[in-house]
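Q: Sequence and predicted structure below; questions after.
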Number of protein chains: 2
Amino acid sequence: MLDLIPSGSVTSASGFLAGAVRAGIKNKDELDLAVLCSEVPCVAAGVFTTNQIKSAPVVLSQRHAARGQARAVVANSGCANACVGEQGLADAVEMARLTAARLDISPEEVLVASTGIIGAPLPMDKIRASIPKIRPTRKGGHDFCRAIMTTDTRPKEIAVQVDSDGKKFTIGGVAKGAGMIHPNMATMLCFIATNAAVGADFLPAALHEAVDCSFNMVSIDGDTSPSDCALLFANGQAGNEPIKSHNGGTFQEALNAVCTHLAKSIARDGEGATKLIEVTVEGAEDWVWARQAARIVAGSPLVKAAVHGNDPNWGRIVAALGRSGARVSEHKLDVYLNDVCVMKQGCPTTFSKAEMMSSLSRGVDVLIRVCLNLGEGQATAWGCDLSEKYVTINSAYTT
Amino acid sequence: MLDLIPSGSVTSASGFLAGAVRAGIKNKDELDLAVLCSEVPCVAAGVFTTNQIKSAPVVLSQRHAARGQARAVVANSGCANACVGEQGLADAVEMARLTAARLDISPEEVLVASTGIIGAPLPMDKIRASIPKIRPTRKGGHDFCRAIMTTDTRPKEIAVQVDSDGKKFTIGGVAKGAGMIHPNMATMLCFIATNAAVGADFLPAALHEAVDCSFNMVSIDGDTSPSDCALLFANGQAGNEPIKSHNGGTFQEALNAVCTHLAKSIARDGEGATKLIEVTVEGAEDWVWARQAARIVAGSPLVKAAVHGNDPNWGRIVAALGRSGARVSEHKLDVYLNDVCVMKQGCPTTFSKAEMMSSLSRGVDVLIRVCLNLGEGQATAWGCDLSEKYVTINSAYTT
């Protein structure tokens, strides 16, 4: 049993608090510095960027999360604290120390996440002045969500309540990300907090599985960033028997659902996006190739531009499939656009272009379904359309 | 010795003729069907798309080019003859047959190339009526060039004269391509004609080398197409001793120069582009990784959008390098933008942002140079900026 909690946030699970302030890092009248913490110790796990250029907060958080325990994260928007030399790590360490002092915990229990411009140093005077002003509360989840936004136009948060054999627990999650988004953890931050008791050995595996079927299936522009991370805290306040494996699956299913919701929210809010694109590949030789093919189609600039213009130019879907690396047999290929078959066994079908254009322009979600008819592999990926606005946003980001 | 021939074209080498007509395939008052041929038999070689979805003309031309001999190519724009089922191959075969009849040669000597919309059948009635009207002449190179353009805004052609130990020969080349351009032969066509005598065994290797350092180093949008090909004809009319290896290298150097010129022309004319981006990676572990890193940076949507806005946001260059797969050591990394060092040993330098923005906005070429300082690998790739116009062009291509 999995129930959506109305107006849920990352602090919906018992024992989690959050707070945010406007430190002035962003030069805008917006929240930009926030803390999420647990009243009691947590087991914790993280998944971090695959980019070889890692921000200082990623380096520090990887080190702290490796302990398997943590109970707070301090996050800021406006500056990524990446590519600034050795000062970056010193600043990240100081952020953890200041937050630990504020919460009266040890610095090793604090993870750090920064997002924003690369190559600019953190304004540490503002951060030093602001961390002591943060007042974490049970209702602070929404403020935390707003404080980590950069080019996001909408907050991305969710909480679900799970009833597992009569024992209830909650999972709350929050994410940011709108550009530099690509499979393998692109410019996004995600924080998940649950009051379920989860074994420290199992938690990283659970998070990896959830990330793999959600954030790693989203592409906005093919670029990845040095800042990305997804962090999961479990404080055990629900009092359940600690979850130590996929057994029963309820916790994993709920975690996957939370991450998938946040991943789709990121795709839907892609920079300049007006539509979510959902690409399902069926009948691939195996699951790995299905994933690859789905991601390549969802990330193709030409597919994305065609969707933006409500143009049923399915040839671009086929061309993207053909370069995906997945085996494709042209005469077995079926392609569906919003559930209308546009290519059957490698040949164009006769469909009403006017009706299709109207269907594409009607809703915000566009469904692309491809049947390779070669095997059992299936996967779904998400992306968004490519609009003139994406270019406008990204042609003057630092200027 | 290599001299540029003023107003050179694909028919600059002796013995080559070309002609074009308006067949009405494009629904515009433009040339759209053309023939290039040699007065005498040629050795010939081709490089074709790596996309698994191949257009019918690519399938046919691969078959004919495998003979190592050919003396004509018929090309059309407006329709790619791809993804149309078995009719596609039948139509390509008929195009070759009609052209052979027109030129009084055998159909196996004719290669076929089509570019344009995917998934639409060729209007064969128009092609049947038009091929007999084509009148190839020595001066027809420029018309051939115009007839293969789709979203290209400028013709792309060049011819060079080479003096190799007192023996002169000419290489003329023509290309089209502006979108769906990516490493590994994207939506582009290229035809090269030389009067040098070249051994049939050596010709394919020479073409592969030239394509590898030119067209395979260009990225416009990461998409590849089913139609791409580069074809090279050598008719031996220069009377030189047949070239059978890289020995001396003059022929190869000239061929590389012709292909590089055409590749850069394609990048400069990328859909919606206002600037050529040249990315040189030095000091990579080896040549293969240098190529990979240069291509990833040149293809990054975020780098391309920043260049469009004259925004010296070098963090995006570093982020793209970090995901390229090439080994990157942050503290050894130097980055130059238009010859100004913006990152030295992993740290930001202090440069005048105003001057840099002015430098970026001044010319049409933007130079990105990265020194990884890890080895001897070096490579150069080309791309173009990403503008709002790219999206506008591609959001309503078939509608």
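A: Cool, got the structure. Numbering: from 1, shown residues only, chains lettered A, B, ... in the order given.
Q: nearest residue to the closest residue to chain B within the stretch 51-200 of chain A other than its sequence neighbours?
A: Chain B sits closest to A:Ile118 of the stretch 51-200 of chain A, with a gap of 2.6 Å, by Cβ to the nearest Cβ. Any C-beta I mention is one placed from the backbone N, CA and C, and that applies to glycine too. In space, and not counting its chain neighbours, A:Ile118 is closest to B:Gly315: 2.6 Å by Cβ to Cβ, 6 or more residues apart in numbering or on different chains.
Q: residues touching the one you found, list them.
A: A:80, A:82-83, A:117-119 (Cβ atoms under 8 Å, 6 or more residues apart in numbering or on different chains).
Q: How about A:Gly85?
A: Listed by Cβ under 8 Å, 6+ apart, the contact set of A:Gly85 reads B:331, B:345-348.
Q: at 7 Å what do you get?
A: By Cβ atoms under 7 Å, 6 or more residues apart in numbering or on different chains, the residues touching A:Gly85 are B:346-347.
Q: Ok, the one 10 residues further on next?
A: When contacts are counted by Cβ under 7 Å, 6+ apart, A:Met95 touches A:74, A:112, A:127.
Q: what about 6 Å?
A: Contacts for A:Met95 (Cβ atoms under 6 Å, 6 or more residues apart in numbering or on different chains) come out as A:74, A:112.
Q: quick one, phi psi at it?
A: Main-chain dihedrals, A:Met95, degrees, to the nearest 10: phi -60, psi -40.
Q: returning to what we had before: hang on, the residue of the stretch 51-200 of chain A closest to chain B packs against A:Ala80?
A: Yes: at 5.0 Å, A:Ile118 counts as touching A:Ala80 under the criterion of Cβ atoms under 6 Å.
Q: Residues touching the helix or strand bottoming out on mean pLDDT in chain A, excluding its own?
A: Least confident helix or strand, chain A: helix A:388-394 with a mean of 80, by mean pLDDT, DSSP states H and E. Residues outside helix A:388-394 that contact it (Cβ under 6 Å, 6+ apart) are A:271-272, B:302, B:305, B:386-388, B:391.
Q: got a winner among those for most neighbours?
A: Comparing the contacts of helix A:388-394 on neighbour count, B:Leu386 comes out first with 33 neighbours (neighbours: other Cβ atoms under 10 Å in any protein chain shown).
Q: Roughly how far does the closest residue to it other than its chain neighbours sit from A:Ser245?
A: Leaving aside its chain neighbours, B:Leu386 sits nearest to B:Lys304 (3.7 Å; criterion: Cβ to Cβ, 6+ apart). Counting by Cβ to Cβ, to the nearest Å, the separation of B:Lys304 from A:Ser245 is 46 Å.
Q: for A:Gly322, same thing?
A: 40 Å.
Q: So which of those two has more stuff around it?
A: A:Gly322 (25 against 13).
Q: Pull the number of nearby residues for the nearest residue to the more buried one once chain neighbours are set aside.
A: Of all residues beyond its chain neighbours, the one nearest A:Gly322 is B:Ile53 (3.3 Å), with distances taken as Cβ to Cβ, 6+ apart. Residues near B:Ile53, counting by other Cβ under 10 Å, number 25.
Q: Hmm, B:Ile53 is touching A:Val318, no?
A: Yes: counting by Cβ under 6 Å, B:Ile53 touches A:Val318, with 5.3 Å between them.
Q: if we can go back for a sec, what's the helix or strand for the residue nearest to A:Gly322?
A: Using DSSP states H and E, B:Ile53 is not contained in any helix or strand.
Q: Could I get the phi/psi values of it?
A: Dihedral angles (degrees, to the nearest 10) for B:Ile53: phi -90, psi 110.
Q: Would you mind measuring from it to A:Gln69?
A: Distance, B:Ile53 to A:Gln69, by Cβ to Cβ: 51 Å.
Q: try A:Gly270
A: 35 Å.
Q: now do A:Thr50
A: Noted for A:Thr50: a distance of 24 Å to A:Gln69, by Cβ to Cβ.
Q: got it, and A:Ser61?
A: In this view, A:Ser61 and A:Gln69 are 13 Å apart by Cβ to Cβ.
Q: what's the answer for A:Asp152, then?
A: 30 Å.
Q: and if you look at A:Cys384?
A: 37 Å.
Q: residues contacting A:Ser106?
A: Applying Cβ under 6 Å, 6+ apart, the residues near A:Ser106 are A:Ala100.
Q: Retrieve the pLDDT associated with it.
A: At A:Ser106, the predicted lDDT confidence score is 97.
Q: Ok, A:Gly85 next?
A: Confidence for A:Gly85, expressed as pLDDT, is 89.
Q: on that earlier part again, quick check: phi and psi on the residue nearest to A:Ile118?
A: Torsion angles, degrees, to the nearest 10, at B:Gly315: phi -60, psi -30.
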